[in-house]
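K.L.:
Sharing a sequence plus its predicted fold:
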Amino acid sequence: MKRLAATLCLLALCCHAAAAQAVRPDDARRLLGVRLGAEVSAWLEEVEGKLGREVYAEFAELDAPDAGGDYTLGASYLTRAGVAVVRVDESFRARGEQQTRAVIAHELLHLRLRARGYPLFLFSPTVQTRRGPAEDVEQEHVNDLVSMIEHRVFAAEMRRTGFDRLIDLTNGLDAARRRGRTPDGQAEVLNYARASLEWNDARLVEEFTAVYRANGWTRSLEGGRRMAEIIRAADIRAPTEVAPVFLRCMSVLYGASFRVEPDRRFALAKIYPQMLIYAERPRGRR
Ligand SMILES: [Zn+2]
């Protein structure tokens, strides 16, 4: 699963050759029984046109049984065979068509970046942490970071279509409040950056800031702010522009330097590059 580089998108992320053709409003496509409309259908057609296969979509329970709520709204990835998969949390069956369409559209925007050659990032097996290999214990944080950078890349489309207003990402506020004065880590840095970049409500971000202070998470607060600044200032218009932004965020997240190199053995390299992350050794120790 790790080698497939599934990006789970914390919004918080079938097979026949599809001919790419202009979408007319009267033949807008459906996924999961939801009519997508002309623009989202065009995103779907672009992904299927590039991959040469239909997107596979399903409802699924996306949160762990002990998560205590529905935090993950959608997820998407490409299988090793090059099939794009969209998964929507099953809680959306009851939330109706509009919200389900917003999550599907969001995941299609992630998949469209894959189809356009935007990279994913995977810890090399050589990177170790005190808790074990980074590919086992830290990859989820890297996936979150990449999702957040991608959200910035397609933020204008989410806003213009109004989908951003249909998806509530602010349930992290209560979760942080419940945590109280417990140790913080990479997840708290990422959650603060996400709130700062994506919650369209300054008052709620202020509340979130107050919770971080009360919990003693001042380093995560500072790191999250710096990361949000880096991502906010980035103006990514091409796949090759992602890695420098990613590496700057990684140095905030871990207080260490990394470099990335394309994974030459990656099965889907013809579609998009998978970059392997290596720790930079301190000077003089090479
Ligand atoms: Zn996402």
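P.N.:
Alright, I've got the coordinates.
K.L.:
right, and the helix or strand after the helix ranked longest in the chain?
P.N.:
Across the chain, the helix with the greatest residue count (assigned by DSSP state H) is helix 97-115. Next along the chain after helix 97-115, taking DSSP states H and E as the criterion, comes strand 120-123.
K.L.:
Note down every partner strand of that following strand and its orientation.
P.N.:
According to DSSP bridges, strand 120-123 has the following sheet partners: strand 274-279 (parallel).
K.L.:
Show me where the stretch 151-286 of the chain has its helices.
P.N.:
With helices called from DSSP state H, counting those that start in this stretch, the stretch 151-286 of the chain shows them at 155-161, 163-166, 172-179, 186-198, 202-214, 218-233, 242-254.
K.L.:
Keeping just the C-alphas, turn the last one into CSV.
P.N.:
Read that as helix 242-254. The C-alpha atoms that make up helix 242-254 are tabulated as CSV, following Å, rounded to 0.1, in the frame of the first residue of the first chain:
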residue,chain,number,x,y,z
VAL,A,242,6.2,21.5,-6.2
ALA,A,243,9.4,19.9,-4.8
PRO,A,244,11.1,23.2,-3.7
VAL,A,245,8.0,24.2,-1.7
PHE,A,246,7.7,20.7,-0.3
LEU,A,247,11.3,20.7,0.9
ARG,A,248,10.9,24.0,2.6
CYS,A,249,7.9,22.8,4.4
MET,A,250,9.7,19.5,5.4
SER,A,251,12.5,21.5,7.0
VAL,A,252,9.9,23.3,9.1
LEU,A,253,8.1,20.1,9.9
TYR,A,254,11.1,18.1,11.0
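K.L.:
quick thing: my sequence starts at 56, can you match it?
P.N.:
Happy to do that; since the first residue is 56 now, the last one works out to helix 297-309.
K.L.:
how many degrees apart are it and strand 329-334 in direction?
P.N.:
Interaxial angle of helix 297-309 relative to strand 329-334 (axes from the mean of the first three to the mean of the last three C-alpha atoms, to 10 degrees): 40 degrees.
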